[in-house]
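In: Fold the following and give me the result.
(chains A and B)
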Amino acid sequence: MRLVIVIFTLLFSMAATATIDTYEFKDDATRERFQQLTNELRCPKCQNQNLAGSNSPIASDLRREIYRMVEDGQSDGQIVDFMVARYGEFVLYRPRVTGNTWILWYGPFVLLAIGAVVLLMLTRKRKKTAVIDKKLNEQDKARLATLLDKGKSK
Amino acid sequence: MLFWKGLQLDPTELPSALLDKPIPEFSLPSLLDDGRMLTQKDLQGKPALLNVWATWCPTCKQEHAQLNKIAREEGVAIYGINYKDDRGAAKEWLRRYRDPYVLNIYDEQGTLGLDLGVYGAPETYVLDAQGVIRYKHVGAVTEKVWLKLRTVMQQVSTESQG
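Out: Numbers count the residues shown, from 1 in each chain, chains lettered A, B, ... in the order given. Sure thing, here's the model as predicted:
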């Protein structure tokens, strides 16, 4: 009985992770590249699904194209370029660094730098005012002392 | 501010990556005459519409009357790409609902569609006289969409004259 349960769970878990269409790859490295590419490229028709996870006909067409290209021995860069030339930057989940997207990539670092500069300026200012406070205090002390002295002498 | 602007953008609208680029090269049979091969050169000569359609696509049926109207009343050249369809069914469709197309490219495997970046039929492109893609519309061509397409076509044709 236990064996049957184990077999069943194995079967179902395999069904859940299997891609919709089956391709035979010339080697494991190619298979891995195919899986990585279809995971990283977005299906143009579906708003937020990658090619690997979509059932739509266009995603299946594009998987077939990617399969053809990885078997052909084309590089990842060539395949991504092929996709972008047809469907635009939209298909990339990791946008490239361009004039439009540099703020996405570097914006946080710019903000961090601005924050650091502001913080530095604030602490400097505070130090200065602290020094002034001390000076005033010394003057006050002196005044206090003279006042006290006056009181004593009377 | 950015957020507000982001809310107003339509996320389903994809800018065509092929805007201002020529129609990709292809060599595919004509839908009505399978002995005749069509290439990108057959789409050049004057500004025209290029319409991607299929009999399995319900929105294509919706826009079909509008396409007929544009072709017949305004004399606009419309080229068709019959996209991943059955030849018999497509011919029957054109016989029954009338044929607005000057030429029909039979793209059975969807290869030209892939090169064009088609992600859902119907799609309609405005081509200039050199066969360069000047505008792309995804979805049905309605009365309102046609007004927009017509403006683009007029711009394109005055540019090529000037």
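
In: can you tell me which helix or strand residue A:60 belongs to?
Out: Residue A:60 is part of helix A:57-71, with elements assigned from DSSP states H and E.

In: tell me which residues in that helix are buried?
Out: Judged by neighbour count using 16 or more other Cβ atoms under 10 Å in any protein chain shown, the buried positions of helix A:57-71 are A:58, A:59, A:60, A:61, A:62, A:63, A:65, A:66, A:67, A:69, A:70. (C-beta placed from N, C-alpha, C; glycine too.)

In: for stretch B:66-85, same thing?
Out: Those buried within stretch B:66-85 under the rule 16+ other Cβ under 10 Å are B:66-68, B:70-71, B:76-85.

In: about what we covered before: now, which of the buried residues of helix A:57-71 lie close to chain B?
Out: Residues of the buried residues of helix A:57-71 in contact with chain B (Cβ under 8 Å from any Cβ of the partner chain): A:58, A:61, A:62, A:65.

In: for chain B, which residue is closest to the average position?
Out: With distances taken as Cα atoms, centre = their mean, residue B:51 lies nearest the centre of chain B, 2.0 Å away.

In: Mind pulling up the pLDDT for that residue?
Out: At residue B:51, the model reports a pLDDT of 92.

In: next one: the one 4 residues further on
Out: Looking at residue B:55, its pLDDT stands at 91.

In: what's the average pLDDT for stretch A:104-116?
Out: Regarding stretch A:104-116, the rounded mean pLDDT is 89.

In: so where does the residue lying closest to residue A:69 once chain neighbours are set aside fall, helix or strand?
Out: The shortest distance from residue A:69 to any non-neighbouring residue, by Cβ to Cβ, 6 or more residues apart in numbering or on different chains, is to residue A:79 (4.9 Å). Using DSSP H and E, residue A:79 falls within helix A:76-87.

In: now check whatever helix or strand comes next after that helix, is it near chain B?
Out: Per DSSP H and E, the first helix or strand lying C-terminal to helix A:76-87 is helix A:102-153. No. Contact of helix A:102-153 with chain B (Cβ under 8 Å from any Cβ) is absent, the minimum separation being 10.3 Å.

In: just to revisit the earlier point, in the sheet, who's paired with the residue nearest to the centre of chain B?
Out: Taking DSSP bridges, one obtains residue B:80, residue B:124 as the residues bridged to residue B:51.

In: Touching the longest helix along chain B from outside, list them.
Out: Counting by DSSP state H, the longest helix found in chain B is helix B:143-161. By Cβ atoms under 8 Å, 6 or more residues apart in numbering or on different chains, the residues outside helix B:143-161 that reach it are B:46-47, B:49, B:66, B:70, B:74, B:76, B:124, B:126, B:128-130, B:134-135, B:137, B:139, B:141.
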